[in-house]
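Chemist: build the 3D model from these lines:
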Amino acid sequence: MRRAAALVVVCLLSLAAPAVAGGPDHLVDASPTADGAAIHRADVQVVRQGGDTIDAQNVAQANPHDCTGCEGIAVAFQAVIYKGSPSTIAPKNVAAAVNSNCTRCGAFAYAYQYAVNSDGHLSQDARAQIHAIEDEARQDVDAGLSYPDLDARLHDLAARFRAAIDGGLTDPHDRRATERDDQQPPQ
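Modeler: Purely as a prediction, here's the structure:
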């Protein structure tokens, strides 16, 4: 086991307790209860959400409890692609790691959520990149890295995840979706 302290990492957007919402929910749970057990989970979700309220939730929770020498590692990446002009944009991103009634246990949680407005669809290349990122995250949670090293590695994957989404969005005519800047550069 790595260490007995819990490390919580929350990235991008808002922190809130898990609750019932109308949007797509993504939950990755790693909560062992048996002595010496290790549950390591990583998952990636890309969803579309429409309507007047964008409220998808992305939750990574690790809660080893009532055990000795157990470890929980939970990693959740979520991209929410929405279109139009919703009146409420309030996605929630939560990472929670807690040891309860544990001896020599470890808990680590990492959640990354990216919400982007686009009428486009993800290209095949972007889907392949996202699949590769998911595979790497799953390998990393089982690699025996220290929590700070795992955190750094996941930050790198999060940057690649966002770049794959941004670079892979195409409009219905297979042109890249781009963020527009209405200002013209000085001539």
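
Chemist: name the SS class of the residue nearest to Ala158 when sequence neighbours are not counted, please.
Modeler: The shortest distance from Ala158 to any non-neighbouring residue, by Cβ to Cβ, 6 or more residues apart in numbering, is to Tyr112 (4.2 Å). Heads up, the C-betas are built off the backbone N, CA and C, glycines and all. Taking DSSP: H, G, I helix; E, B strand; the rest coil as the rule, one finds Tyr112 in the strand state.

Chemist: got any ranges where the protein has weak pLDDT?
Modeler: 1-23, 171-187 (pLDDT under 70).

Chemist: now do the strands in it.
Modeler: 6-11, 25-30, 38-49, 53-54, 57-62, 71-82, 88-89, 92-97, 106-117, 121-122, 169-170 (DSSP state E).

Chemist: which residues sit against the fourth one?
Modeler: Going back to what we said before, that points to strand 53-54. Applying Cβ atoms under 8 Å, 6 or more residues apart in numbering, the contact partners of strand 53-54 are 22-23, 80, 82, 86-91, 115.

Chemist: just to revisit the earlier point, what sits against the residue nearest to Ala158?
Modeler: 11-12, 58, 76-78, 93, 154, 158, 161.

Chemist: and Ala30, how far is that from Cys102?
Modeler: 13 Å (Cβ to Cβ, to the nearest Å).

Chemist: next one: Ala42
Modeler: Distance from Ala42 to Cys102, by Cβ to Cβ: 22 Å.

Chemist: coming back round to it: which among the contacts of strand 53-54 end up buried?
Modeler: Neighbour-count burial (16 or more other Cβ atoms under 10 Å) is assigned, among the contacts of strand 53-54, to 23, 80, 82, 86, 90-91, 115.

Chemist: what is the neighbour count of Glu136?
Modeler: 17 (other Cβ atoms under 10 Å).

Chemist: same check, this time on the one 5 residues further on
Modeler: Other residues near Val141 number 24, with proximity taken as other Cβ under 10 Å.

Chemist: now do the contacts for it.
Modeler: 40-42, 73, 75, 150.

Chemist: among these, which pair sits farthest apart?
Modeler: Arg41 and Leu150 (13.1 Å; Cβ to Cβ).

Chemist: need the residues touching each of those two.
Modeler: Joint contacts of Arg41 and Leu150 (Cβ under 8 Å, 6+ apart) are 73, 141.

Chemist: of the two, who's got more company?
Modeler: Leu150 (23 against 19).
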